[in-house]
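>>> Please find the sequence and the predicted model below.
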Amino acid sequence: MTDPCLARHSSGCKADFALALSVCAAGFAALAGGLTLRSPPDLQALVCLSIGLGLVGWSLLEYVVHRFVLHGGIRPFSTWHAAHHEGLQSRWAAVKTLLGAALVVGPALSLSVMLDVEWFGMGLSLGLLTGYAAHVAIHHAIHHWHCEHIWLTQRKFRHAMHHDPRRPAADYGVTSSIWDELLHTGQRQDF
């Protein structure tokens with residue numbers, strides 16, 4: 001029986017990729033529209049700061065989830081991620097987009113409403129969602145696009161090292177290697 005939370009075939013991968021970017025674009029439009037049209041002028045600096053914190057927070061969240069949840073044995077996520085590693089490009093596997101986006105944005109928005117800091121929470125959520133959209137696009141590009149851009153080529157190389165079963169687990173960052181460098185989990189390989 002096929003797990004409904006996995007997209008394993010190229011058509012499923014393309015559909016999941018398109019859905020992910022559509023969900024992120026819709027969330028981005030809603031959050032950005034709400035922030036620019038309704039935020040009080042005296043809170044605009046706070047909103048900008050919270051968007052930046054969301055972007056930085058995404059990079060840390062991506063690292064922590066990839067290292068400790070997906071590779072840490074927390075089921076069913078680690079099982080889904082193991083299927084992704086087994087199939088590489090021919091069996092791309094991902095947690096379905098709506099679940100992923102809800103897990104990224106839901107806690108930030110919920111906490112901000114409970115603490116009565118909605119503007120900060122919307123900005124934080126916008127930053128997190130933007131980071132998630134970048135993750136979806138970059139991860140898809142790493143596995144499926146042929147591009148000679150130096151930055152993407154470096155990301156592909158680091159991710160290929162991450163997928164290599166002969167190497168120790170490392171290089172958990174997809175959109176950035178900053179946390180791998182700071183926490184010494186990046187493999188020292190010349191590009």
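Cool, got the structure.
>>> what's the neighbour count on Leu55?
18 (other C-beta atoms under 10 Å). C-beta coordinates here come from the backbone N, C-alpha and C atoms, glycine included.
>>> again but with His135, I slipped
When neighbours are defined as other C-beta under 10 Å, His135 has 23 of them.
>>> surely it meets Tyr172?
No - His135 is not in contact with Tyr172 according to C-beta atoms under 8 Å; the separation is 11.9 Å.
>>> anything in contact with each of those two?
Contact criterion C-beta atoms under 8 Å, 6 or more residues apart in numbering; residues shared by His135 and Tyr172: Glu62.
>>> Apart from its chain neighbours, what residue comes closest to Leu60?
Nearest residue to Leu60, sequence neighbours excluded (C-beta to C-beta, 6 or more residues apart in numbering): Trp179, at 6.1 Å.
>>> before we move on, what about Arg167?
Nearest to Arg167 is Met161, by C-beta to C-beta, 6+ apart, at 6.0 Å.
>>> cool, Pro168 as well?
Gln187 (7.7 Å).
>>> what does Asp171 give?
His162 (4.1 Å).
>>> Would you check that that neighbour makes contact with Ala170?
Yes - His162 lies in contact with Ala170 (C-beta under 8 Å); the separation is 6.5 Å.
>>> Compare neighbour counts for these two and give me the winner.
Between His162 and Ala170, His162 has the larger neighbour count (other C-beta under 10 Å), namely 22 against 18.
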